[in-house]
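Q: below: sequence and its predicted model.
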Amino acid sequence: MSNLRIPKDFFICSGQGSSINTCHAGSYHRMLDMMGISGQNIMTYSSVLPSCANEVEKPTWLKHKDYRGAVLECIMSVCNGEESQLLSAGIIYAYTYEDKELIQCTGGLVCEINGNYSDEELEYKLETALNEIHQSGFNEEYLGSPTIIKRSFTPQERYGSVGVALCFINYKDE
């Protein structure tokens, strides 16, 4: 067996923030605060879900001071911009299956898109990206129904950030 960790349970969150001073230490941090994850150090993953991945409610213990500074591993979409710009961030995910009856789960695919898109454009880009990834390495498997998480925001201060995230909170026992 390898020493690779296999993420298990995850929660979804989204948020936005704005600032008159700066993006990273301003609007981005305010976005993380609205998401309920500003007390953690964010580490981003690429876009594959293990078959055991399961969506759960966001745990309340994340806000406890004992978890301040902990590493929180996420698949995240963030868009940073300036006043009066439409900022959009979205994630789409779907599980893959061995059979067309969608019984035996083999894992899942996740795509993140961000930019200055309307809701319709963002959804189209997310669906197109998911289908492209599925066709370029997972086309022997059947794709289940996708879930889309999206958020848009037009900041009224100098800087703005909007984001959505799929955050892992534990790992499969081996």
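A: That came in fine, so what should we check first?

Q: quick one: strands adjacent to the lowest-mean-pLDDT helix or strand in the chain?
A: Every helix and strand in the chain was compared by mean pLDDT, DSSP states H and E; the lowest is strand 48-49, with a mean of 92. Strand 48-49 has the following strand partners under DSSP bridges: strand 105-115 (antiparallel).

Q: can you list the helices and strands that the helix or strand following the strand it pairs with packs against?
A: As assigned by DSSP states H and E, the chain's next helix or strand after strand 105-115 is helix 119-135. Counting contacts by 3 or more C-beta pairs under 8 Å, 6 or more residues apart in numbering; DSSP states H and E, helix 119-135 packs against strand 87-97, strand 105-115, strand 142-143, strand 147-153. Heads up, the C-betas are built off the backbone N, CA and C, glycines and all.

Q: for helix 119-135, buried residues please.
A: Using 16 or more other C-beta atoms under 10 Å as the test for burial, helix 119-135 gives 122-123, 125-127, 129-131, 133-134.

Q: repeat that for stretch 25-37.
A: 26-32, 34-37.

Q: start and end of that stretch, how far apart?
A: Terminal residues of stretch 25-37 lie 14 Å apart, using C-alpha to C-alpha, to the nearest Å.

Q: number the chain from 51, please
A: Noted, 51 is the first residue going forward, which turns the last one into stretch 75-87.

Q: mind checking how far that stretch is from the chain centre?
A: Distance, stretch centre to chain centre, for stretch 75-87: 15 Å (C-alpha atoms, centre = their mean, to the nearest Å).

Q: next one: stretch 145-160
A: The mean C-alpha position of stretch 145-160 is separated from the chain mean by 20 Å, C-alpha atoms, centre = their mean.

Q: got the contact list for that stretch?
A: By C-beta atoms under 8 Å, 6 or more residues apart in numbering, the list of residues contacting stretch 145-160 from outside reads 97-101, 103, 125, 141-144, 180, 183-184, 188, 191-194, 216.
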